[in-house]
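Participant: Okay, here's the prediction I keep looking at, along with the sequence it came from:
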Amino acid sequence: MPWLSIAIAVPLVGAALAAVLPGRPTRLPFALALGATAISAVALVVTAFRFDPGQGMQLVEQATWIESLDVAWRVGVDGMALVLALLTVVLFIAAVAYGVGPRPMTRAAAGLLLLLEGSTLAFFLAEDFFLFYIAFDVTLVAMYFLIALWGEANRRYAALKFFLYTLIGSLPVLLGIIALFLSSEPQTFDMIRLASEQPIAGAGLGASLVFLAFFVGFAIKTPIVPFHTWLPAAHVEAPTVGSVLLAGVLLKMGTYGLVRVNLQMLPEAFAEYALPVALLGLVSVLYGALVALAQSDLKRLIAYTSVNHMGYVVIGVAAAAATGISAEARELAIDGAVLQMVAHGLVTATLFFVAGFIKERAGTRDLGRLGGLFRPMPWYGTLVALAFFASLGLPGLAQFPAELEIFLGAFDVWPALAAVTVVGIVITAALFLLALQRAFMGETPEPLRGLRDLSRREVIAIGPLVVLFVVLGLYPALALDLIDSASWLVGG
Amino acid sequence: MGNGGTLEQAKQIEEMMLGELAWLWPVGVLTVGAVGAVVLAMVLPRRRQGLIAAWAASAHLAAAGLAVYVWLDRGFAVIMSGTIAVDGLALTLTALIGVAGALCVALARPVIAGSDREGEFYATLTFASLAAVMLGMAADAALLGLAIGALGLATFVMTGYLRRSGRANEASIKYYIFGTVSGATMLYGLSWWFGLAGTTDLRLIGETLADAPAAVVIASTALVLVGLGYKAAAVPFHFWTPDAYDGAPLPVAAYLSVLPKLAGLVALARVLPMALPDDTAGWTTAIAVLAAATMTLGNIAALPQRNVVRLLAYSSIAQSGYLLMGVAALEASDQGLPALVYYAIAYAAMNLAAFAVVLAVQRERRSVDLDAFRGLGRAHPWWTAVLIVAFLSLLGLPPLAGFVGKLELFTAAIDADQAWLAVVAVVNTVISLYYYLRVIAPTVLDGPAQAQAREVERPRAAATPLALVLGVTAVATVAFGIAAEPVLSLAERATMLIG
């Protein structure tokens, strides 16, 4: 069975079906979205069992598509692609369970969620640049409509900004793809071949420009400071599920591309620019943390901590690309970076969910107007505290092992840089503790006293995410055994 | 030998030419279609003039079919003593004109049904298509001038078809004056070429120009470019475009934006390498600069437009800029011509789809202002789907035809060492997002405007052809992108016979 193709195709077919469902409100769109997502999830779980860790790209499915350009339907998995695809379906199940827009879920919402899911999976599983690029841009369109249709007051502006920035990012990627295509012999869009042949070698002007084209594209998506300015607007205005998927899945596309393309196909150029890239990562870590510290809107705060957390990933990838790093440190750095993508996906998705929950109840996310929430909402408070601790990197929760591995890896090449990175952790710890104190401790203001605790729907949405980030924190080997990417990704 | 041949030789030539007529079947059927339409317009009563639409559309489709037949049965040839090139490029253009022309007739029918001189309109349109086909085949300076003139005349009449509309009159006068002046300028340039080479055969002109003084070559080429650039709506010969599109009946604007433009671009792709072989006088760089200017100016001017027809007019200027990238890459990369051909086909599909939706909206809401598109998604989900597909494809988003077209053009540009042009095109694509999205957004995100709460009663008459055009063009826009292989391999084979 072509399990990977099924995982991609079923949501896309579901999206098309959603368009022809009856227009009156029914439970059908919801059932369709949940069913398609579940089938996708099953196909990926089967893939995880068939997967042979440590063996690089495998389970490749191929079909001819555009022969004259050597474009084909090529999908496959390595450790990184597999865990990110699994993360994707987990978050989409949560997103569908929680819903977006009017209830019951409209066919437009179901269609857009499934379109986004199918294209995101296609992006992570694609081993052909044509498919890769199509998926990259289709996610953009789907997310645009999710924000523009069901976002908050300023949604039109935020959606346009998101579309514009991401398009600015995707077009240099297209030029880079063309450059790789033209330099390959015979010319191909096959990413597996391009990764093994590395047609653009060295770090001369041409290679540097191609590297830069890809880097800018993926840096905007990640986002790396100074390419991050679209992120707060998009997150604040997006509907809850939009923020969850944006931070949980779509940001990972940037760092995934950085590994899949810059690291795997242009390793020599990356080695040349590893330090500047790592420094940008460091700036993201510090800047994201400091700006988050200054926020009083909970969603904005979480958005900026994303900049901070994705900065660690960038540092890990850059360390793995650097020359002079030892083999063990390289493995730590790259595996830590991939684990951090997964951990951040789970934790930040939870954070955006809980920010949405409180906005729905109290009508505000402003930390200054919240307070004493533990009293009326003990369960909610406990889960928020857990997510905050996870996000600040408390041992026993998922981001700790990831960040630790990245530090250890980076320490081997750039000890000073790694040491400064720790400052970022200190700041995030401070800001989360402060936020916890402001929103949950002390007297409960009058209007907040009657707030109800978590509903069943909300528990269904975030429960699995919380369980997963706790389990991964206690037993990271669960993911790390699958990831085991170093030898394949960096040829070490 | 010129005039000095014997009777025997003349007979031989006549025999040969008669044999070569078989390559001209598509031209013949369009001629019969046009003349027949004139006759039918005189004979048929007014209420039966709709039959002429069917007749003209059939002539177009027959021309497309015969182009395929000639390609498969006869192959490519330069005929009539080297004046007419019936090659892959020309035949592809002919087929495209046949199909797109038929679609334009279908668009026009609901708009002009029952007006006086309806039949003559279809006749004129068919004459215009005939001239466009000849323009794509011209390998001779005289034929080139003739085709440009005939095309200008026919399209001028179409633009001014709404005789009682002041705007239509203004539009057609503007179009006519610009057209005549630019056509005359081009003829003047061609006369320089003729003076230098002593012949109108473009291939022989090419042999002469390769060794002629650079200043003369550049000056004369610039004059010729005026005429072809005007047809292609390339900067700086684009000024007529928004007024003509806006004043003309919408189906005519759709026609102008696709057929004469593509014929002009094909003529550029043929004439420049023939008359200026091996990049004489650096014409590829000149065209690359022209391409960059055209796309940039078109896109920037489109930004503030609230009238969607004018917006599409500027958009089509920008699209000319993208198409010119293919011409600029012709000499240095063998991907240039296929990229041009593929994008031409994709552009015809997506641009006609866009115009068809705008026409549908205009018929129902009596306006082409952006506000007329508010709430379209709720009222007409299928129109809106076509609109989103068409505009996202014009933007160049995958997996639509416009994306594969841009992929091809960017590849050609980078392969031809014009990476800077690809970068300019990328920047332009980002700029164009703003105005394409400006049309898409209100259809889905806004409720209908107050004024439209009371739906204008829908003109039912003869709306079927419109629905047909919407369906065909939207499906083509999607299919040419997702299943690009057949069109791409056609484009690979649509070669030119030069010399």
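Facilitator: Yep, it's here.
Participant: Chain A versus residue B:439, what's the distance?
Facilitator: Relative to chain A, residue B:439 is positioned 13 Å away (Cβ to the nearest Cβ, to the nearest Å). (C-beta placed from N, C-alpha, C; glycine too.)
Participant: quick one: the helices in the stretch 351-492 of chain A?
Facilitator: A:378-391, A:399-413, A:415-440, A:456-474, A:477-483, A:486-489 (DSSP state H, counting those that start in this stretch).
Participant: Give me the angle between the third one and helix A:378-391.
Facilitator: Helix A:415-440 runs at 170 degrees relative to helix A:378-391, counting by axes from the mean of the first three to the mean of the last three Cα atoms, to 10 degrees.
Participant: Can you check what angle separates helix A:415-440 from helix A:399-413?
Facilitator: Orientation of helix A:415-440 against helix A:399-413 (the same axes, to 10 degrees) gives an angle of 160 degrees.
Participant: same check, this time on the first one
Facilitator: Between helix A:378-391 and helix A:399-413, the angle formed by their directions is 10 degrees, by the same axes, to 10 degrees.
Participant: Deepest-packed of the helices of the stretch 351-492 of chain A, please.
Facilitator: Comparing those by mean neighbour count (mean count of other Cβ atoms under 10 Å in any protein chain shown), helix A:399-413 ranks first with a mean of 24.
Participant: For the helices of the stretch 351-492 of chain A, give me CSV that also has mean pLDDT and distance to residue A:157.
Facilitator: Below are those laid out as CSV (pLDDT from 0 to 100; distance: least, Cβ to Cβ, whole Å):
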stretch, mean pLDDT, distance to residue A:157
helix A:378-391, 95, 28
helix A:399-413, 96, 32
helix A:415-440, 94, 26
helix A:456-474, 96, 28
helix A:477-483, 92, 38
helix A:486-489, 76, 38
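Participant: Reformat those into JSON lines and put distance to chain B next to each item.
Facilitator: Below are the helices of the stretch 351-492 of chain A laid out as JSON lines (distance: least, Cβ to the nearest Cβ, whole Å):
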{"stretch": "helix A:378-391", "distance to chain B": "32"}
{"stretch": "helix A:399-413", "distance to chain B": "33"}
{"stretch": "helix A:415-440", "distance to chain B": "32"}
{"stretch": "helix A:456-474", "distance to chain B": "26"}
{"stretch": "helix A:477-483", "distance to chain B": "29"}
{"stretch": "helix A:486-489", "distance to chain B": "26"}
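Participant: Include distance to residue B:118 when you put those into CSV, please.
Facilitator: As requested, these are exported to CSV (distance: least, Cβ to Cβ, whole Å):
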stretch, distance to residue B:118
helix A:378-391, 70
helix A:399-413, 72
helix A:415-440, 72
helix A:456-474, 62
helix A:477-483, 70
helix A:486-489, 68
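Participant: Go through stretch A:9-16 and flag the buried ones.
Facilitator: Burial within stretch A:9-16, assessed by neighbour count using 16 or more other Cβ atoms under 10 Å in any protein chain shown, is assigned to A:9, A:10, A:11, A:12, A:14, A:15.
Participant: surely the fifth one meets residue A:34?
Facilitator: No - here residue A:14 lies out of contact with residue A:34, judged by Cβ atoms under 8 Å, at a distance of 9.8 Å.
Participant: Now chain B against chain A: closest residue?
Facilitator: Residue nearest to chain A within chain B (Cβ to the nearest Cβ): residue B:398, separated by 3.9 Å.
Participant: Can you confirm whether the helix or strand where residue B:402 lies lies near chain A?
Facilitator: Taking DSSP states H and E as the criterion, residue B:402 maps to helix B:401-415. Yes - Helix B:401-415 is in contact with chain A by Cβ under 8 Å from any Cβ of the partner chain, via B:403, B:407, B:410, B:411, B:414, B:415.
Participant: if you skip the residues just before and after it, what's nearest to the residue of chain B closest to chain A?
Facilitator: Leaving aside its sequence neighbours, residue B:398 sits nearest to residue A:134 (Cβ to Cβ, 6 or more residues apart in numbering or on different chains; 3.9 Å).
Participant: can you pull the contacts of residue 353?
Facilitator: I went with chain A, as the question did not name one. By Cβ atoms under 8 Å, 6 or more residues apart in numbering or on different chains, the residues touching residue A:353 are A:94, A:98, A:240, A:244, A:458, A:461, A:462, A:465.
Participant: Oops, wrong one, chain B.
Facilitator: Counting by Cβ under 8 Å, 6+ apart, residue B:353 touches B:386, B:389, B:390, B:393, B:470, B:473, B:474, B:476, B:477.
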